[in-house]
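Undergrad: sequence plus the predicted model coming up.
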Amino acid sequence: MLGEGHWEEGEDANDMWLKMATYVRKVASEVFGVSRGGKQEGKDTWWWNDEVQRAIKEKKECFKRLYLDKSAANIEGYKLAKRVAKRAVSVAKGKAYDNMYQRLGTKEGEKDIYRMARIRERKTRDINQIKCIKDGTDRLLVKDEEIMDRWREYFDKLFNGESESPTLDLDDSFDDTNRRFVRRIQEVEIGEALKRMKRGKAMGPDGIPIEVLRCLGDRAIVWLTKLFNLIFRSNKMPEEWRRSILVPIFKNKGDVQSCTNYREIKLMSHTMKL
């Protein structure tokens, strides 16, 4: 990846970013594969053991090989790994549930019963478990398109108020003539900012985690310094950075089918957060 020309400085920040981001996503899809997407259903893994973990890991490795090369050998290898993993899961889950039911019949198992009840109750309040949402008049919406429109309407009013325009006009008296005297961003500043960024955070729409830039070391620091200075000079940032993923989080009070009982978090580009 480092030897390619996708890390060269450009004249336009948007083009410079897209050239690099597109290449990173291409390499990632070739090496790791691409998931099918869809709703993420929470899976119980408390019953997993070492054998299950090994079988699942082997199945994933076989899938990666199949994604890169759909040869007959890789197809059969993936089918076999899938059968082995399925059997390992079935055996482990059966043993775990047998042990759990035996334990629930004892005095020590009473605490487990209440713990399981609390976990199941929390799951019923999870946004992934809510299939219907009410509109502004408390009418229940069941169609996906109507539900999406309701969320869009709610957050639009939440962020923009009752204004018809989604944009805010700035005061014309703002004077930016002195910005030309601000010094350039230094590579050491980018390096320190990268170190301070937390790992394992949810990604924004660009799908590029901060770990990618950290792994690329000095080459990424040099490129990022050029990109941010170009943004600073041109007063234009990449269009992809303007997008974000808005995730509703239930406040744990009120009607779970009412949008007003949710707070929101925005998932933005990790690079923009630098």
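TA: Sure, I can see it.
Undergrad: every contact and neighbour count from this point should use C-alpha atoms.
TA: Noted.
Undergrad: could you list the domains of this protein?
TA: Annotated domains of the chain cover 5-30+131-169+179-273, 50-124 [automatic domain parsing].
Undergrad: redo the ones you listed as a markdown table? Include mean pLDDT and mean neighbour count.
TA: Below are those laid out as a markdown table (pLDDT from 0 to 100; neighbours: other Cα atoms under 10 Å):
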| stretch | mean pLDDT | mean neighbour count |
| --- | --- | --- |
| domain 5-30+131-169+179-273 | 84 | 15 |
| domain 50-124 | 82 | 14 |
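Undergrad: so in the chain, which helix runs the longest?
TA: If you go by DSSP state H, the chain has its longest helix at helix 72-104.
Undergrad: what is it packed up against?
TA: Secondary-structure packing of helix 72-104 (3 or more Cα pairs under 8 Å, 6 or more residues apart in numbering; DSSP states H and E): helix 50-68, helix 110-124.
Undergrad: so residue 186 touches residue 226, yeah?
TA: No: counting by Cα atoms under 8 Å, residue 186 stays clear of residue 226, with 9.2 Å between them.
Undergrad: contacting residues around the closest residue to residue 132 other than its chain neighbours?
TA: Nearest residue to residue 132, sequence neighbours excluded (Cα to Cα, 6 or more residues apart in numbering): residue 142, at 5.1 Å. Going by Cα atoms under 8 Å, 6 or more residues apart in numbering, residue 142 touches 131-133.
Undergrad: run the last query once more with 10 Å
TA: 131-134 (Cα atoms under 10 Å, 6 or more residues apart in numbering).
Undergrad: tell me the pLDDT of residue 178.
TA: Each residue has a pLDDT score; the one for residue 178 is 52.
Undergrad: what does the pLDDT read for residue 48?
TA: Looking at residue 48, its pLDDT stands at 83.
Undergrad: part of a helix, is residue 236?
TA: No: judged by DSSP: H, G, I helix; E, B strand; the rest coil, residue 236 forms no part of a helix; its state is coil.
Undergrad: so it sits right up against residue 11, yeah?
TA: No: contact criterion Cα atoms under 10 Å: residue 236 and residue 11 do not qualify, at 11.5 Å.
Undergrad: hang on, the earlier thing: and the contacts of residue 142, which is closest to residue 91?
TA: Nearest to residue 91, judged by Cα to Cα, of the contacts of residue 142 is residue 131 at 32.4 Å.
Undergrad: now the closest one: which helix or strand?
TA: Secondary structure assignment for residue 131, by DSSP states H and E: no helix or strand.
Undergrad: and it, what is it in contact with?
TA: Residues near residue 131 by Cα under 10 Å, 6+ apart: 141-144, 147, 257.
Undergrad: over to residue 186?
TA: Going by Cα under 10 Å, 6+ apart, residue 186 touches 221-222, 224-226, 228-229.
Undergrad: which of the residues you listed fall in helices?
TA: Per DSSP H, those map to helices at 221-222, 224-226, 228-229.
Undergrad: now intersect the contacts of residue 131 with the helices, please.
TA: Short answer: those in helices (DSSP H) are 144, 147.
Undergrad: which of the contacts of residue 131 lies closest to residue 55?
TA: residue 144 (36.3 Å).
Undergrad: what sits against the closest one?
TA: Per Cα under 10 Å, 6+ apart, neighbours of residue 144: 131-133, 150.
Undergrad: what's the most distant pair in those?
TA: Greatest spatial distance among the contacts of residue 144 (Cα to Cα): 131 and 150, at 13.3 Å.
Undergrad: any common contacting residues for those two?
TA: 141, 144.
Undergrad: returning to what we had before: nearest to residue 24 among the contacts of residue 186?
TA: Nearest to residue 24 among the contacts of residue 186: residue 224, at 14.3 Å, using Cα to Cα.
Undergrad: could you find the closest non-adjacent residue to that closest one?
TA: Leaving aside its sequence neighbours, residue 224 sits nearest to residue 190 (Cα to Cα, 6+ apart; 7.2 Å).
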